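Q: please work out how this folds:
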Amino acid sequence: MESIRIGIAGTGKIIPESVKALQETGYEVVSIWGRHPEKAQPLAERFRIPRVCASYVELLASGIDFVYIGLVNTVHFDFARQALEAGLNVILEKPFCSSAMQARTLAEMARSKGLYLFENISSLYLPAWQALRDQLPDIGTVRLFQADFSQYSSRYDDYLQGRIAPAFDPACEGGALRDLNVYNLHLAVSLFGTPGEALYRANRGPNGIDTSGVALLVYPGCLAVCSAAKDSGKPSGVTIQGEKGCHHMEGTPNGGSDRLRHPFAAFRDMYLQNNRSAMLAALDHTLAVMEVLDRLTAADQ
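A: Residues are numbered from 1 along each chain as shown. Okay, here's the model as predicted:
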């Protein structure tokens, strides 16, 4: 199989899992850069990444086909823009960027330059989800969609003590909606498209961040309820109720421990098979979700 050379931007919590999944799905990880150089070298040694870059500019010039951007949410747009301007394909961590306007700008750049641009949203590529979608006609007209991702955060206790990680920092666009509920939103929008109404209500912590919340998406004849929590936990899952039955998918909607291999494999195949139509369809879906995120954010002001 042809190799895809990829550079890693970031050294945070998601990076070890991402690098492992990329290597397992056939990518050649050739370089890494992060804002904390002391973290980049140990990661390079652990995963046998040949080159540690001193800057993002150096990473972009390190002989790669793709950049994987696993940085804090607020810089997604700028770092993806720089990569596209450099003629590189991009895998961008969720949430795609800060606003639908930014998302449209990146999408237009990718289209005009003939580049590949992906949002790494694992829920859409899970075999269990794809099987559930295939069985959807069995339950007749869908009336209720309920997706929950509730997981007591390992950083929540620190947050309550004033030690605030980016996932709980409004300045970094953290919070339950963008960190966890975005997985649920992708599933709902993939089934039903753009909702007629979109409402969000949240529980908020001391600094105003949404530590848990519920999004209600209203469709003709169907309601989609998407909930997520970082301040409490319960068994998560997705339930779709139709007039002739229901389907249920157990587990967190992001797919758990093996989740990243599925999207990375899908991206690999689209690129190597030059399947731009599939990439553009995925990108259009991302744009639709970003529009919903904008509406939910505005509805909660």
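Q: quick one, helices of the stretch 51-200 of the chain?
A: For the stretch 51-200 of the chain, helices defined by DSSP state H, counting those that start in this stretch occupy the ranges 56-60, 76-85, 100-113, 127-134, 156-160, 176, 182-192.
Q: worst mean pLDDT among those helices?
A: Least confident of those, judged by mean pLDDT, is helix 127-134 with a mean of 92.
Q: now for Asp78: which residues touch it?
A: Residues near Asp78 by C-beta atoms under 8 Å, 6 or more residues apart in numbering: none. Where C-beta positions appear, they are placed from N, C-alpha and C, glycine not excepted.
Q: just read off the phi/psi values of Gln294.
A: Rather than Gln, residue 294 is Asp. The phi/psi pair for Asp294 (degrees, to the nearest 10) reads phi -60, psi -40.
Q: right, and it touches Ser99 too?
A: Yes: if you go by C-beta atoms under 8 Å, Asp294 and Ser99 touch, sitting 6.0 Å apart.
Q: domain-wise, how is this structure divided?
A: By the assignment in automatic domain parsing, the chain contains the domains 4-120+260-279, 124-255.
Q: how about those domains in CSV, adding distance to Thr286?
A: As requested, these are exported to CSV (distance: least, C-beta to C-beta, whole Å):
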stretch, distance to Thr286
domain 4-120+260-279, 5
domain 124-255, 8
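Q: and the strands in this structure?
A: In the chain, the segments counted as strands under DSSP state E are 4-9, 27-33, 51-52, 66-69, 89-93, 117-120, 142-150, 197-204, 210-219, 222-229, 237-242, 245-250.
Q: which residues sit against the shortest one?
A: Applying C-beta under 8 Å, 6+ apart, the set of residues contacting strand 51-52 from outside is Val30, Ser31, Ile32, Trp33, Pro37, Ala40, Gln41, Ala44, Ser62.
Q: please pick the buried ones from these.
A: Val30, Ser31, Ile32, Trp33, Ala40, Ala44, Ser62 (16 or more other C-beta atoms under 10 Å).
Q: and those, which is closest to Thr74?
A: Nearest to Thr74 among those is Trp33, at 17.7 Å by C-beta to C-beta.
Q: can you redo the strands of the chain as CSV with mean pLDDT?
A: Output for the strands of the chain, formatted as CSV (pLDDT from 0 to 100):
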stretch, mean pLDDT
strand 4-9, 98
strand 27-33, 98
strand 51-52, 97
strand 66-69, 98
strand 89-93, 98
strand 117-120, 98
strand 142-150, 98
strand 197-204, 97
strand 210-219, 98
strand 222-229, 98
strand 237-242, 97
strand 245-250, 95
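Q: so which of those gets nearest Ala265?
A: Judging these by C-beta to C-beta, what sits closest to Ala265 is strand 27-33, at 9.9 Å.
Q: what's in contact with the closest one?
A: Taking C-beta under 8 Å, 6+ apart as the rule, strand 27-33 contacts 3-9, 11, 19, 22-23, 40, 43-44, 47, 49-56, 58-59, 62-64, 66, 264, 268.
Q: if we can go back for a sec, so which of the domains of the chain gets nearest His285?
A: domain 124-255 (6.3 Å).
Q: quick one: the closest one to chain centroid distance?
A: Centre-to-centre, domain 124-255 and its host chain are 13 Å apart (C-alpha atoms, centre = their mean, to the nearest Å).
Q: enumerate every residue touching His285.
A: Counting by C-beta under 8 Å, 6+ apart, His285 touches Leu124, His186, Val189, Ser190.
Q: I figured the third one was touching Leu287, is that so?
A: No: taking contacts as C-beta under 8 Å, Val189 lies outside contact range of Leu287: 10.2 Å.
Q: these two: which is more packed in?
A: Per other C-beta atoms under 10 Å, whichever of Val189 and Leu287 has more neighbours is Val189, with 22 against 16.
Q: check contacts around the more buried one.
A: His285, Ala288, Val289, Val292.
Q: most neighbours of all the residues you listed, which one?
A: When neighbours are taken as other C-beta under 10 Å, the top entry among the contacts of Val189 is Val289 (25 neighbours).
Q: pLDDT score for it?
A: So Val289 comes in at 98 (pLDDT).
Q: make 52 the starting number, not 1.
A: Done: numbering now begins at 52, and the last item shifts to Val340.
Q: is it in contact with Asn232, as I believe?
A: No: if you go by C-beta under 8 Å, Val340 and Asn232 don't touch, sitting 10.9 Å apart.
Q: which per-residue confidence value corresponds to Gln352?
A: For Gln352, pLDDT reads 64.
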